[in-house]
Structure formats: structure tokens, C-alpha cells
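Participant: Show me how the following folds:
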Amino acid sequence: RQQAGQQKAQQRRQVGDSMAAAAAAPAVNGKITTAVAPKLSAATIDPRVVKADYAVRGEIVRRAQLIEEDLQHGKQYPFDKIVWCNIGNPQILGQKPITYLRQVLSLCEYPQLLDHPQIGNLFPSDVIERAKVFLSDIPGGVGAYSDSAGALVLRKQIAEALERRDGFPANPEEIYLTDGASPAVHYMMEMLIRTPSDSFLVPIPQYPLYSATLVLYGGQLVPYELDEEAGWGLNMEHLQAQITSAQQRGLCVRGIVVINPGNPTGQCLSKENQQDIVRFCEQHNLVLIADEVYQANIYADNCSFFSFKQVVREMNSECPLVSLHSTSKGFVGECGRRGGYMEVINFPADVHEQILKLASINLCPNVSGQICCTLMMTPPEEGQPSYDLYVQERDAVLGSLARRAATLVSGLNQLKGVSCNAAEGALYAFPRITLPNGAVEAADKLGKPADWLYCSELLDQTGIVVVPGSGFGQKKGTLHFRTTFLPPEEDIEGVVQKLGVFHEAFLQRYGGL
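Facilitator: Next comes the predicted model:
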């Protein structure tokens, strides 16, 4: 009887479900029709996902991953390893972690070590005390959810660090810890793009995260070209012309993205140029997204980093500003930790509530990344046991990066048909390449840009992975590629040499210049 009763109950539920579906179904010629879901394929998912493109991990990179698997299984290529110059991922190319960060993180990950009788011999005293503070003030430690904006103790410490950097107070309630800088961009685009006419000014060349997120959220990219002949400078007259043109086409420009130091171009903005940008934002009611993840990577003696937060405060500006930072870059290079933050100032309180809601939907950023980000912003102080080693490791990484940048740029500028501006900052060179007509025609037959063909054959012949300039956007009629200068210092000369041999052969193969 019990089984029969269960069957009848199941039948009643099925009838009820059918009636509900029929009630919700559209009527055609008085008859109820039912909508059947299409078969799953790329053609039946959101076309914005299909359209979005992220060149730094695009087609060439995917092929490089397959080649690397082949090499591991003994298949023969003209090279013995893949050299990953496509993305700013320092530790995959041998950069060592900063000891202080890893020591504090290890104690936070495994607090039982603090009870070890030899703990004082294993870790410096400042590391031990730092870990104890984090563990006591982060409820549940690294294995529990934190506040959606990030653990308060960490946001307070970052706020104090920002005040030391900029000379102006920072509010922990305006700081949102994120899994790297990328989620902050998603939050802003998702929140600010309302209709297909909403748009953002984005530099060309640009980091393709911005073009991809604009596509995903249904907005439009309004390009402003950086001037390669002027060291990738930002021309305010051109910027004004671009926003005027966009507005005349019916677009509503909501904000502007500025990457400083530049990616992929490596230029550093002057404070005067930053002030012009802030005034431009005030004039047009724009939200300024300041991508400042390379702020520690400054190599040119005549360049300095000034945060947009400092510039906005010095000007007493009410410009809405979102400043981004990440543990992935600088000299820290902890990409896999996915640590980062955004500081959001001059936003109304009710908009902050919406940002927090978006963060809450994701519950919280990963807590280990939050701690790593805080350690990046609050390193050991002079006089503490960890200070000397920290400074030694920091200076060694930055000094080596500066030398590698100079070596790479010098080598590129010796190649026929190649010109490359100095890398004032960041982790990349973005050389301009002139290619034979034969290469352009061969690429056209493949339905690809000529710089894609160049980068594709570079991978096939040398194992070096770089990204076509077309993936970042470039001035019409020009070709480029982006390469990091992250291979170890002892290898960078070999990378330049291999690139030079390939380049000469490529030019000859396609008819020369």
C-alpha cells in the first residue's frame, strides 16, 4: 500500500508539472505549444561568450600547450622546450618566490607549526608574529569564508599602506579584496554597462581583458590610440576627438581605462598627463579605472609612479576612481595565489552597496590570496629580522628585470624592419614589425593577420610563445607582437638570438623587405 501511495503521489506531481508547463507555454492559433530546448552547441549559447576573445591565452598558446605535451612524450621538434613569453607569469619561468611572503603564508596555511618546539629556529620572529595576528583576527583562518569584501583586518592594513604610499587617508570600507585584479574589472563592467550603447574608452594597444569584458556585458569599446612615435604617449586632443565621435554616434561613454605603467606598451604616465586625464573625466562624468598592477615595475631613471588616487586627492577632485592592484606582477609574481584589490573612491554610498552585493554573490575572494596581497602592500620594516633578505630579493628581481628589458629591446632593434620603444615599466616589449608582402598575402589566405602568421611560425620553429599585436589592438597599417622579458637572465640572450635567426629566415621565406 505504501508503494502504491508513493506511485500515485508521483503521478499527481507529474500531472501538476504538465499543467503548469502548459499554462506557461505560448499559444499559437489557439493551441498550446511547448518550447523545446535546442541541442547544446556553440551556436546555442550566449553569442557574447563566443565573440569574446582573450589573445594572451588564444589559439597560438593552446597549440603551444599541445606541443609541450608532445615534447614530454618524446616527440621531436626543432627545439627542446617551450619558452612562455606570452603572459606575465614570472614563476613559470623560474622567478623565485619572496621568502617573507611564503613563510607567513605557510604558517597561516598550517598553524600547527606555531606549536613546534623549534619554531623560533625555523622562522624569523616577525614572521611568527605576523602569522599570529592574521590567525587571531581572521575568523576560521584561511579555510573559512571571510567578509565578502575581504577580511577586515587585511583591508585595514592595506588602507594604512595606501596612506603611506599616497599621503592621503584610505578607508577600509572603500577597499575590496579580489581574486587578482580581473574580478574588479568584471564588477565594474557588469555594473556600469546597462544597454548596448554604453561604452568605455580603452587604450589601443590594450590588455584584452577590457575588450573581452565589454563584449561579455554587452557594451562597446571606444578606442583611443597611444602614440607609438611619442613613446606610446596619451594625446588629450585625440582623446577628446574620440569621445566626441562616440557621442555623435549615439554612444554613452561611461568611463575610461588607463593602464599605468602600460600593458603591452610599458610606458609610464607623467603626473601632468594624469592630471589632464582627471580633468577630462570631470568634464565628461566618467568613471576612471586605473589599472596600476605594474606600479613596482619601473625601470627608466627618468620615470616615477604616481597613483591616480594621489593625483585625484591632490586636485581635490570628485572624479569617481577605481584603482586596481594585484599580487601577480611587480617583483612578487604570485600569479597562482590570485590576490588583488580595488580601491573605490568618490562613489555614492548606494553604489558601494551594489558593489558589495556583486562581491557577496561570489561569497568572498580566496583568503590565502587576501593575505598574500596584504603582505605585498605591508612588507617587513627596516630593523625587523626579515627586512634585509626581503630587500635583497626585491632588488635582485627588479634589477634583473631591468637588465633583461634592456637586452631584449636592444636585440629587437637590431632586427631588420623592427623598431621597439624602451620598456620604461611593466613586463613587456611591444615591437613594431614590418613584414614582406608575401607574408601578408599568405596570412590573408588563412584568414589571419600577418602578425599572427609571424607568431605562429615563431612557435613552430623556436618554441618561443609570443602574442600577435592584433590581439591587443593596433593602429591601422601597423603590425606588432608582445613578448615578456621574463625568461631567466642567463637565457634571455639565447631567446634574442633564436628570435633573430628566425626573423631573418622568415623575411627570406616570404620575399624579403
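Participant: how near is the nearest residue to Leu479 once chain neighbours are set aside to Ala212?
Facilitator: Of all residues not flanking Leu479 in the chain, Asp451 sits nearest, at 4.3 Å (C-beta to C-beta, 6 or more residues apart in numbering). From N, CA and C alone the C-beta is placed, and that goes for glycine too. To Ala212, Asp451 is 19 Å away according to C-beta to C-beta, to the nearest Å.
Participant: Which residue of the two possesses the greater neighbour count?
Facilitator: Using other C-beta atoms under 10 Å, the more surrounded residue of Asp451 and Ala212 is Asp451, with 26 against 22.
Participant: What strand or helix carries that one?
Facilitator: Taking DSSP states H and E as the criterion, Asp451 maps to helix 450-462.
Participant: Show me the contact partners of that helix.
Facilitator: Applying C-beta atoms under 8 Å, 6 or more residues apart in numbering, the contact partners of helix 450-462 are 60, 63-64, 67, 78-79, 83, 433, 435, 439-440, 442-443, 446, 448, 464-470, 479-481, 498-499, 502, 505-506.
Participant: Among the residues you listed, name the buried ones.
Facilitator: Using 16 or more other C-beta atoms under 10 Å as the burial test, the contacts of helix 450-462 include 60, 64, 67, 79, 83, 433, 435, 439, 442-443, 448, 464-470, 479-481, 498-499, 502, 506 as buried.
Participant: Where strands are concerned, which of those count?
Facilitator: If you go by DSSP state E, the buried ones among the contacts of helix 450-462 have 83, 433, 464-465, 467-468, 481 in strands.
Participant: now those as a markdown table including pLDDT and distance to Tyr176?
Facilitator: Listed next are these as a markdown table, based on pLDDT from 0 to 100; distance: C-beta to C-beta, whole Å:
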| residue | pLDDT | distance to Tyr176 |
| --- | --- | --- |
| Val83 | 92 | 36 |
| Ile433 | 96 | 40 |
| Ile464 | 95 | 37 |
| Val465 | 94 | 33 |
| Val467 | 92 | 29 |
| Pro468 | 93 | 34 |
| Phe481 | 94 | 34 |
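Participant: Taking those residues together, which two end up most distant?
Facilitator: The span of those, defined through C-beta to C-beta, is set by Val83 and Ile433 at 18.5 Å.
Participant: Do you have the strands of the stretch 151-300 of the chain handy? List them.
Facilitator: Secondary structure of the stretch 151-300 of the chain (DSSP state E, counting those that start in this stretch): strands at 175-178, 198-204, 220-225, 252-259, 287-291.
Participant: Show me the one of these that comes nearest Leu375.
Facilitator: That would be strand 175-178 among the strands of the stretch 151-300 of the chain, by C-beta to C-beta, at 12.6 Å.
Participant: That closest one packs against which elements?
Facilitator: In terms of contacts (3 or more C-beta pairs under 8 Å, 6 or more residues apart in numbering; DSSP states H and E), strand 175-178 is packed against helix 152-166, helix 182-192, strand 340-345, helix 349-361, helix 367-377.
Participant: Can you list the residue ranges for helices in the stretch 1-150 of the chain?
Facilitator: 2-24, 47-51, 59-72, 99-109, 119-122, 125-137 (DSSP state H, counting those that start in this stretch).
Participant: Mind telling me which of those the model trusts least?
Facilitator: Per-segment mean pLDDT for those reaches its minimum on helix 2-24, at a mean of 48.
Participant: quick one: Glu382 is in a strand?
Facilitator: No: Glu382: not assigned to a strand; according to DSSP: H, G, I helix; E, B strand; the rest coil it is coil.
Participant: Tell me how many other residues crowd it.
Facilitator: 7.
Participant: check contacts around Lys132.
Facilitator: Neighbouring residues of Lys132 by C-beta under 8 Å, 6+ apart: Leu114.
Participant: Please tell me how far it sits from Ser41.
Facilitator: As judged by C-beta to C-beta, Lys132 and Ser41 stand 54 Å apart.
Participant: try Thr484
Facilitator: Going from Thr484 to Ser41 by C-beta to C-beta gives 36 Å.
Participant: between those two, who's got more neighbours?
Facilitator: A count of neighbours by other C-beta under 10 Å puts Thr484 above the other of Thr484 and Ser41, at 26 against 7.
Participant: In this model Gly255 seems to touch Leu286, though I could be wrong.
Facilitator: Yes: the pair Leu286 and Gly255 qualifies as a contact (C-beta atoms under 8 Å) at a distance of 5.0 Å.
Participant: so what sits against both of those two?
Facilitator: 201, 320.
Participant: quick one: which of these two has more around it?
Facilitator: For Leu286 versus Gly255, neighbours defined as other C-beta under 10 Å are more numerous around Gly255 (23 against 20).
Participant: so what's that one bridging to?
Facilitator: Taking DSSP bridges as the rule, Gly255 bridges to Phe200, Val287.
Participant: ok, now which ones touch it?
Facilitator: For Gly255, the contact set (C-beta under 8 Å, 6+ apart) comprises 188, 192, 200-201, 281, 286-289, 320.
Participant: pLDDT below threshold where in the chain?
Facilitator: Along the chain, segments meeting pLDDT under 70 span 1-33, 56.
Participant: returning to what we had before: now render the strands of the stretch 151-300 of the chain as JSON lines, adding distance to Gly511.
Facilitator: Shown next, in JSON lines, are the strands of the stretch 151-300 of the chain (distance: least, C-beta to C-beta, whole Å):
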{"stretch": "strand 175-178", "distance to Gly511": "49"}
{"stretch": "strand 198-204", "distance to Gly511": "29"}
{"stretch": "strand 220-225", "distance to Gly511": "30"}
{"stretch": "strand 252-259", "distance to Gly511": "36"}
{"stretch": "strand 287-291", "distance to Gly511": "40"}
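Participant: what about these, which gets the closest to Tyr390?
Facilitator: Between Tyr390 and these, the tightest spacing by C-beta to C-beta is seen for strand 175-178, at 22.1 Å.
Participant: For that closest one, buried residues please.
Facilitator: 175-178.
Participant: quick check, nearest of those residues to Val127?
Facilitator: The closest of the buried residues of strand 175-178, once distances to Val127 are taken by C-beta to C-beta, is Leu177, at 21.4 Å.
Participant: For burial, what's the neighbour tally of the nearest residue to Lys156 once chain neighbours are set aside?
Facilitator: Once flanking residues are discounted, Lys156 sits nearest to Pro172: 4.9 Å by C-beta to C-beta, 6+ apart. When neighbours are defined as other C-beta under 10 Å, Pro172 has 18 of them.
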